[in-house]
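Peer 1: return a 3D structure for these sequence lines:
(one chain, ligands or ions: 1)
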Amino acid sequence: MPTSESLRATWPARILIADDEPVARKLLRKVLEPAGYEVLESTSGKEALACARSDRPDLLILDITMPDMDGVEVCRAIKSDPDTHLTPVIHITGQTDRAQRLEALAAGSDEFVGKPFDIEELLIRVRSLLRTKHLTDHLVSSEAVVVALARTVEARDHYTEKHLRRVADRSVEIARKMGISQRDVEGVRLGGLLHDVGKIAVPDGVLLKPGPLNEAEFAQIRMHPETGAEIVRPLSAFDGPEPAVLHHHEHFDGSGYPAGLRGEAIPLAARIVAVADGFDAMTTGRPYRKALAPVIAFERLEQGRGTQWDPAVVGIFLDAYAGRDDEPVAAEVTEGP
Ligand SMILES: [Fe+2]
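Peer 2: As a prediction, this is how the structure comes out:
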């Protein structure tokens, strides 16, 4: 049985209570404040939504029935807004209202507490959701740092941030067409953004050398997938980008690096990012060579199908992009140093 001490907040968190009944708000405040939480109150759904967006509470406790906008609608709005979608929501419901609970779950509700409140149960649920929120906030800020690092690398390498976005967006489009789960799509998206982050460790003299590389220099470039995998490993809680980062230079016939993996032994995320990255590299101008027209890059993909790239992934990429009216025009000729 948890002690009252073990139910106390472990970090100063702000909780928004939205209920049109003053008695219910007062009761929740009486439970939450002594447990160490800062409490905000809203008397309607619209007010709660505005408060969630402006004051960024760490958790919302929403009554379902409120006059202007009910608690389910508020939850749906919170969970579909990228700025607030990680904020946990607890709904207050009658114990027996199954239809209402299902509707709230579909809107993204994280937990329910029934009326009348079991104070101990409420505090356990609050504390558990806040612990997850705290961890997620930490990881999201870690992701932001690593993505910023990846942008720095691209800038050094005379690509632009748009290269990362295009690789990530096209990788996600292929992944969705392949029907992989949303969790795995997230790994593909991050892999597309972060695939070359390991180039941070490659010296400028090698990374930016306009002429051919000698063996030692090439060996340094070939280290970037392993260095990148080490950098992104702390993000593994996000169904990580690590497989795509580590294996995006493997070739389908086993002739790539770093592991020389062959065929479907190469993680799918890496096979997808390899195609999206390969196309974008070919159609992006470099200081020492012009961008290829998309139609030529499509031909190169076709030629490398089954040797460099996964034939199924290339097929899906070509179906999605080749011959499309809004055919990707990635050619942006970047300036040399
Ligand atoms: Fe790379």
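
Peer 1: for the rest of this, base every contact and every neighbour count on C-alpha atoms.
Peer 2: Noted.

Peer 1: isn't residue 63 right up against residue 21?
Peer 2: No. Judged on C-alpha atoms under 8 Å, residue 63 makes no contact with residue 21 at a distance of 9.1 Å.

Peer 1: and those two? Which one has more around it.
Peer 2: Between residue 63 and residue 21, counted using other C-alpha atoms under 10 Å, residue 63 has the larger neighbour count: 26 against 12.

Peer 1: next one: the more buried one, what pLDDT does it get?
Peer 2: Note for residue 63: predicted pLDDT of 92.

Peer 1: residues contacting it?
Peer 2: 18-20, 70-71, 91-93 (C-alpha atoms under 8 Å, 6 or more residues apart in numbering).

Peer 1: what number of residues lie near residue 204?
Peer 2: 12.

Peer 1: check residue 205 too.
Peer 2: Quick note: residue 205 (other C-alpha under 10 Å) scores 9 neighbours.

Peer 1: confidence score at it?
Peer 2: 82.

Peer 1: quick one: the residue nearest the centre of the chain from residue 215, how far?
Peer 2: Taking C-alpha atoms, centre = their mean, the centroid of the chain lies closest to residue 186, which sits 5.3 Å from it. The gap separating residue 186 from residue 215 is 36 Å, by C-alpha to C-alpha, to the nearest Å.

Peer 1: list the buried residues of the lengthiest helix in the chain.
Peer 2: Looking across the chain with DSSP state H, the single longest helix is helix 119-156. Using 16 or more other C-alpha atoms under 10 Å as the test for burial, helix 119-156 gives 122-123, 125-127, 129-130, 133, 136, 139, 143, 146-147, 149-154, 156.

Peer 1: contacts for stretch 308-315?
Peer 2: 174, 250-253, 255-256, 263, 271-272, 274-275, 301-302, 305.

Peer 1: quick check, pLDDT for residue 190.
Peer 2: Predicted confidence (pLDDT) for residue 190: 88.

Peer 1: doesn't it belong to a helix?
Peer 2: Yes. Residue 190 forms part of a helix when assessed by DSSP: H, G, I helix; E, B strand; the rest coil.

Peer 1: check whether it really touches residue 168, as I assumed.
Peer 2: Yes. Between residue 190 and residue 168 there is a contact at 7.0 Å, judged by C-alpha under 8 Å.

Peer 1: can you map out the strands along the stretch 1-150 of the chain?
Peer 2: With strands called from DSSP state E, counting those that start in this stretch, the stretch 1-150 of the chain shows them at 14-18, 38-42, 59-63, 89-94, 111-115.

Peer 1: now those strands in TSV, with distance to residue 82?
Peer 2: Shown next, in TSV, are the strands of the stretch 1-150 of the chain (distance: least, C-alpha to C-alpha, whole Å):
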stretch	distance to residue 82
strand 14-18	19
strand 38-42	22
strand 59-63	16
strand 89-94	15
strand 111-115	20
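
Peer 1: so between residue 190 and residue 168, which is more surrounded?
Peer 2: The neighbour count for residue 190 versus residue 168, taken as other C-alpha under 10 Å, is higher for residue 190 (27 against 24).

Peer 1: what's the burial count for the nearest residue to the more buried one once chain neighbours are set aside?
Peer 2: Spatial nearest neighbour of residue 190, excluding adjacent residues (C-alpha to C-alpha, 6 or more residues apart in numbering): residue 241 at 5.2 Å. A total of 29 residues lie near residue 241 under the criterion other C-alpha under 10 Å.

Peer 1: who are the contact partners of residue 241?
Peer 2: In this structure, residue 241 makes contact with 187-191, 194-195, 232, 235, judged by C-alpha under 8 Å, 6+ apart.
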